[in-house]
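S.K.: what's the 3D shape of this:
(one chain, ligands or ions: 2)
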Amino acid sequence: MNLPPAATDAARLGAIGWRTAVDPEWQALLDAHPAATPARVVEQHRSGYVVATGPGEGVAVESLPEWQRPSGYRKGTVSPEERPAVGDWVLVEDGKRIVALLPRRGAIKRGAAGEHYRQQLIAANVDVVLVVCGLDGDFNPRRIERYLLLVQGSGATPVLVLTKADRPDADAAAAREALAGIEAQHVAVVAVNAKDPATVDALAPWLRPGETAVLVGSSGAGKSTVTNTLLGIEKMKTSAVREHDARGRHTTTHRALIALPSGACIIDTPGMRELKPTGEEEIADGGFGDIEALAEACRFRDCAHQKEPGCAVRAAIERGELDEARFGNYLKLKDEIAAASDRLASRLADKQGAKVQTRALHKRPDDKYGKR
Ligand SMILES: Nc1nc2c(ncn2[C@@H]2O[C@H](COP(=O)(O)OP(=O)(O)OP(=O)(O)O)[C@@H](O)[C@H]2O)c(=O)[nH]1
Ligand SMILES: [Zn+2]
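M.R.: Numbers count the residues shown, from 1 in each chain. Ligands and ions are numbered 1, 2, ... in the order given. Down below sits the predicted model:
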């Protein structure tokens, strides 16, 4: 058994999200590497990884050579989503070398910008995604819908955190109204003053011991402020980096995965400007179940919800039950998913040298619901 021997070590791992119940796949890898111990990736850099076996710690480690090679589309190369990301559990030997990546429970991903199809991991093994949006000029229900779509499929629970509720220009009531369609999809919405612990305390139900939460949202939304308030200190301490790399690589540890006094840990991410789908999302489960359900009731199976008679979606918009802007965003995101799905399929086909049917083809809701 190669789990850390001392109870204190296990407790330290627990503080950064380690579960005592190890699944069989993980156990097999633990058994295959008896000299290794588990550690969590807290930072990812171009040149390598920083891992931790407890709170407030960061050790620069060497990774597998195939993770360092530039990714390409040739056989044998490792695509970015197959390499460790922040939140991943890895096995480390001699405290300085990653020897294995433990299969992830789930990951928050997005499509990377660029000519070739690529996925970018935002965080792995996450239980809760705090989508942070300010009740100021930052407020944008359409961007929130986009974030919620990316959370779908990760296995994580999304929570919408509206910051800056204390600002005189903040209109929490109007914001909630604009988010009615989202709230109806069972997404919790919490309005806070990120600087005020009493309001931020409303997040406690999602930050239980052993849980991992990730903060996402645009730059200036208040992610760092929320983190600081949860930590109960004004300024973050930067933890020292123990240098184990023979080549003397220098890595500055900034906050990436932080243990909270509540027993949960939190991953802060830099503000993201572009949020492209990966093509793997299911729009019905990605916060648009209401529209997909309406479309089921349209007279024509291939209804485009434009001017067709018997269109249940249009009727709902006219009755004021469906926000037209939300519907517009649904169409836009659906197109983006289909396009990304095509690119994903052709990448897979390139990789396997085989013709792969695009997911987009059989993802039409009408086909799914089996209409004639
Ligand atoms: N009044 C008020 N100000 C806030 C609140 N949340 C954040 N701010 C302010 O908004 C600014 C940006 O907040 P940050 O926490 O740095 O935002 P961030 O999301 O971490 O931004 P990036 O690190 O760039 O991604 C800071 O000046 C905060 O003090 C809030 O709830 N109320
Ligand atoms: Zn229709």
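
S.K.: Please pull up the helix or strand immediately following the helix or strand bottoming out on mean pLDDT in the chain.
M.R.: None of the helices or strands of the chain scores lower by mean pLDDT, DSSP states H and E than strand 241-242, at a mean of 36. Using DSSP states H and E, the helix or strand that follows strand 241-242 in sequence is strand 257-259.

S.K.: Can you confirm whether that following strand lies near ligand 1?
M.R.: No: for strand 257-259, no contact with ligand 1 is found by CB under 6 Å from any ligand atom; the gap never falls below 12.9 Å. Backbone N, C-alpha and C define where each C-beta goes, glycine included.

S.K.: what comes up buried for that strand?
M.R.: In terms of neighbour count (16 or more other CB atoms under 10 Å), strand 257-259 has its buried residues at Leu257, Ile258, Ala259.

S.K.: Check stretch 315-330 too.
M.R.: For stretch 315-330, burial by neighbour count (16+ other CB under 10 Å) applies to Ala316, Ile317, Leu322, Asp323, Arg326, Phe327, Asn329, Tyr330.

S.K.: Which of those residues fall within strands?
M.R.: Among the buried residues of stretch 315-330, no member is found in strands (DSSP state E).

S.K.: Can you name the two of the residues you listed that sit furthest apart?
M.R.: Ala316 and Asn329 (15.1 Å; CB to CB).

S.K.: Adding distance to ligand 1 and pLDDT, write the buried residues of stretch 315-330 out as TSV.
M.R.: Shown next, in TSV, are the buried residues of stretch 315-330 (distance: CB to the nearest ligand atom, whole Å; pLDDT from 0 to 100):
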residue	distance to ligand 1	pLDDT
Ala316	34	96
Ile317	33	96
Leu322	31	94
Asp323	26	94
Arg326	24	95
Phe327	29	96
Asn329	22	96
Tyr330	27	95
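
S.K.: Make JSON lines from those residues and add distance to Thr163 to it.
M.R.: Output for these, formatted as JSON lines (distance: CB to CB, whole Å):
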{"residue": "Ala316", "distance to Thr163": "31"}
{"residue": "Ile317", "distance to Thr163": "31"}
{"residue": "Leu322", "distance to Thr163": "28"}
{"residue": "Asp323", "distance to Thr163": "23"}
{"residue": "Arg326", "distance to Thr163": "22"}
{"residue": "Phe327", "distance to Thr163": "27"}
{"residue": "Asn329", "distance to Thr163": "22"}
{"residue": "Tyr330", "distance to Thr163": "26"}
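
S.K.: pLDDT weak spots in this protein?
M.R.: Applying pLDDT under 70 to the chain flags the ranges 1-7, 69-77, 233-255, 353-372.

S.K.: Break it down into its domains, please.
M.R.: As assigned by automatic domain parsing, the chain contains the domains 7-105, 124-239+253-268, 289-368.

S.K.: tell me the most buried of the ones you listed?
M.R.: Mean neighbour count (mean count of other CB atoms under 10 Å) peaks for domain 124-239+253-268 among those, with a mean of 19.

S.K.: So which residues of this structure form helices?
M.R.: 7-14, 24-32, 65-68, 141-151, 172-178, 180-183, 197-200, 223-231, 289-295, 312-318, 324-352, 365-368 (DSSP state H).

S.K.: Ok, which of those comes nearest Asn125?
M.R.: It is, among the helices of the chain and with distance given as CB to CB, helix 24-32, at 11.3 Å.

S.K.: Can you give the distance from the closest one to the centre of its chain?
M.R.: Put simply, helix 24-32 sits 25 Å off its chain's centre (CA atoms, centre = their mean, to the nearest Å).

S.K.: Output the contacting helices and strands for that helix.
M.R.: strand 89-93 (3 or more CB pairs under 8 Å, 6 or more residues apart in numbering; DSSP states H and E).

S.K.: Pick out the residue nearest the middle of the chain.
M.R.: Centroid-nearest residue in the chain: Ile108, 2.5 Å away (criterion: CA atoms, centre = their mean).

S.K.: Pull up the gap between that residue and Val161, please.
M.R.: Per CB to CB, to the nearest Å, Ile108 is found 15 Å from Val161.

S.K.: Then Gly222?
M.R.: 8 Å.

S.K.: Which residues are in contact with each of those two?
M.R.: Val132 (CB atoms under 8 Å, 6 or more residues apart in numbering).

S.K.: Contact partners for the closest residue in space to Leu331 that isn't next to it in sequence?
M.R.: Once flanking residues are discounted, Leu331 sits nearest to His305: 7.8 Å by CB to CB, 6 or more residues apart in numbering. By CB under 8 Å, 6+ apart, the residues touching His305 are Ala295, Cys298, Cys311, Val313, Arg314, Phe327, Leu331.

S.K.: do the same with Thr20
M.R.: So Thr20 contacts Ala10, Gly14 (CB under 8 Å, 6+ apart).

S.K.: Use 56 as the first number from now on
M.R.: Renumbered: residue one is now 56, and that last one reads Thr75.

S.K.: By proximity to ligand 1, which residue of the stretch 106-255 of the chain wins?
M.R.: As assessed by CB to the nearest ligand atom, ligand 1 sits closest to Ala249 within the stretch 106-255 of the chain, at 3.4 Å.
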